[in-house]
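Asks: all I have is the shape, not the residue letters:
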């Protein structure tokens, strides 16, 4: 078996690349270890807590004990299914701030400034909220990825945005457009009541072409001969075989599995590879380093009125929601329930937002456990640009072993100060008049937790990953010893090999990572096809005029 291009991983970036390469007439073979995304647990937006907790759909990766979080082991869900993590995520659509990408370019990723990536965000989008806030000129209107907004019928959801305005923050009609800073409606990859994953947007249309094929197999390593990637060694059933690539191999296996695959193939820190008995093909010390993520806390409040989603959080309620969704694609099942957002700056002198809020009209955790108080609401809040860095390393040379994952969360004193600020600012927002008719007692951290020490204890015990790992094969200049890919997404030191997924982010972007991961796939496809990149679009983002002297 062979193809022009082999794409390892049918995730957010991999699906986008398969679509564009097949569209250009190339023979494309996509390797995906996971199975089908059929069924309500994935396709029904309101069921989002289920697939990320199911072995069928998730790789089951976990961190090593995190030393600054009391030795806790955190789960790091990654999609093992067509669509990858876009099939198990919360469906939140956030491009990132314009200055995130300007930072990429300044750090050595030439051609990846906001002016360079904006045309790709627009190419991939079909935005359905035009005329309902924001400037449609900043958005795409005919791309394969449908982006919509929830109805925001719940009064708590509307109260959150109003409270943000009452606290003195801007109201923004479109945080993915000109103005990220402020409070407003969330965008979501939901269309006609269904999750609109990368599989639905890109892979299924690609597979309708005769030149694109998907196989279910486990990629063991990239086969490299005389310094060039020529294929992929896979296992299917009990058989190990090699698939040949006529032109290039493209790795898009996630920020946790992509560095593992490179290292198993002989690309990575030489000493580490040698320790595991792996022959060194290219000594790239940056492989597996620079690991980043967003941590978040749930600030939960009890509600004095029965207006939260708790009324539906029982067997009968869930059955009713599921039936309505199954037969008519209507009702609460069509929303991820994250319908209001906030992006603010933590302090004067911070140029653009570094705190994100997800508001949920219920007090519940990602594993589906509800607060004992019943009716409530919560804000997921966390800093966007932690300075802490971790690493992904091999556990052994056996491809079947999961990698060692150490985020090194909260390893810098600045992280603690930022999280304390997040808690205090959230409390202030929940204290605004918009919540007066709904606000009960604080469930967590609880009103007694006021001192720095008490808040630090809460952070240590309750901070959770927002599931945004990235950066482990960063893009940069070829003379940067820690760079793994160049600005064309070519793996430095090996011919015929590319890597394009969230691994290549030099620094984590503001907000959820599905949108920039798909953008990477879109832009990488043009580099792979040796096309001229789309013309840059110079659009200046809104920056608070008093950012140097005012926090809001």
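Replies: That came through, no problem. All values reported here derive from a predicted model rather than from experimental measurement.
Asks: the strands in the stretch 201-350 of the chain, which residues?
Replies: 212-216, 218-225, 228-236, 239-251, 267-268, 282-283, 295-303, 340-344 (DSSP state E, counting those that start in this stretch).
Asks: most tightly surrounded among those?
Replies: Among the strands of the stretch 201-350 of the chain, strand 267-268 has the highest mean neighbour count (mean count of other CB atoms under 10 Å), at a mean of 30. Yep, even glycine has a C-beta here, placed from its N, CA and C like the rest.
Asks: that one: partners in the sheet, and parallel or antiparallel?
Replies: Sheet partners assigned to strand 267-268 using DSSP bridges are listed as strand 282-283 (parallel).
Asks: now render the strands of the stretch 201-350 of the chain as a markdown table, adding mean pLDDT and distance to residue 487.
Replies: Shown next, in a markdown table, are these (pLDDT from 0 to 100; distance: least, CB to CB, whole Å):
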| stretch | mean pLDDT | distance to residue 487 |
| --- | --- | --- |
| strand 212-216 | 98 | 27 |
| strand 218-225 | 98 | 21 |
| strand 228-236 | 98 | 19 |
| strand 239-251 | 98 | 16 |
| strand 267-268 | 98 | 18 |
| strand 282-283 | 98 | 18 |
| strand 295-303 | 97 | 30 |
| strand 340-344 | 98 | 28 |
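Asks: please state the offset of stretch 61-71 from the chain centre?
Replies: Remark: stretch 61-71 is offset 20 Å from the chain centroid, using CA atoms, centre = their mean, to the nearest Å.
Asks: for stretch 226-244, that is, sorry about that
Replies: 29 Å.
Asks: gap between the two ends of it?
Replies: Start and end residues of stretch 226-244 are separated by 15 Å (CA to CA, to the nearest Å).
Asks: did I read that right, residue 68 in a strand?
Replies: No. Using DSSP: H, G, I helix; E, B strand; the rest coil, the assignment for residue 68 is helix, not a strand.
Asks: can I get the strands of the stretch 201-350 of the chain in a markdown table with distance to residue 467?
Replies: What follows is those, written out as a markdown table (distance: least, CB to CB, whole Å):
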| stretch | distance to residue 467 |
| --- | --- |
| strand 212-216 | 24 |
| strand 218-225 | 22 |
| strand 228-236 | 27 |
| strand 239-251 | 21 |
| strand 267-268 | 24 |
| strand 282-283 | 30 |
| strand 295-303 | 10 |
| strand 340-344 | 17 |
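Asks: name the SS class of residue 17, please.
Replies: helix.
Asks: so which of the strands of the stretch 201-350 of the chain is nearest residue 519?
Replies: strand 239-251 (15.7 Å; CB to CB).
Asks: what's the average pLDDT for stretch 539-552?
Replies: Across stretch 539-552, pLDDT averages out at 97.
Asks: can you give me the buried ones in that stretch?
Replies: 541, 544, 547, 551, 552 (16 or more other CB atoms under 10 Å).
Asks: before we move on, back to that, so which of the strands of the stretch 201-350 of the chain is nearest residue 89?
Replies: Here strand 295-303 is closest among these (CB to CB), at 14.0 Å.
Asks: and residue 69, what does it touch?
Replies: By CB atoms under 8 Å, 6 or more residues apart in numbering, the contact set of residue 69 is 409, 410, 460, 463.
Asks: out of these, name the two that are farthest from one another.
Replies: Largest pairwise distance in those, by CB to CB, is 9.9 Å, between 409 and 460.
Asks: need the overlap of contacts for these two.
Replies: 68, 69.
Asks: of those two, who's got more company?
Replies: Neighbour count, other CB atoms under 10 Å: between residue 409 and residue 460, residue 409 has more, with 24 against 18.
Asks: re earlier: ok, the buried residues of stretch 539-552 vs residue 450, which is closest?
Replies: residue 551 (20.2 Å).
Asks: that closest one: what's it in contact with?
Replies: By CB under 8 Å, 6+ apart, the neighbours of residue 551 are 345, 346, 347, 348, 350.
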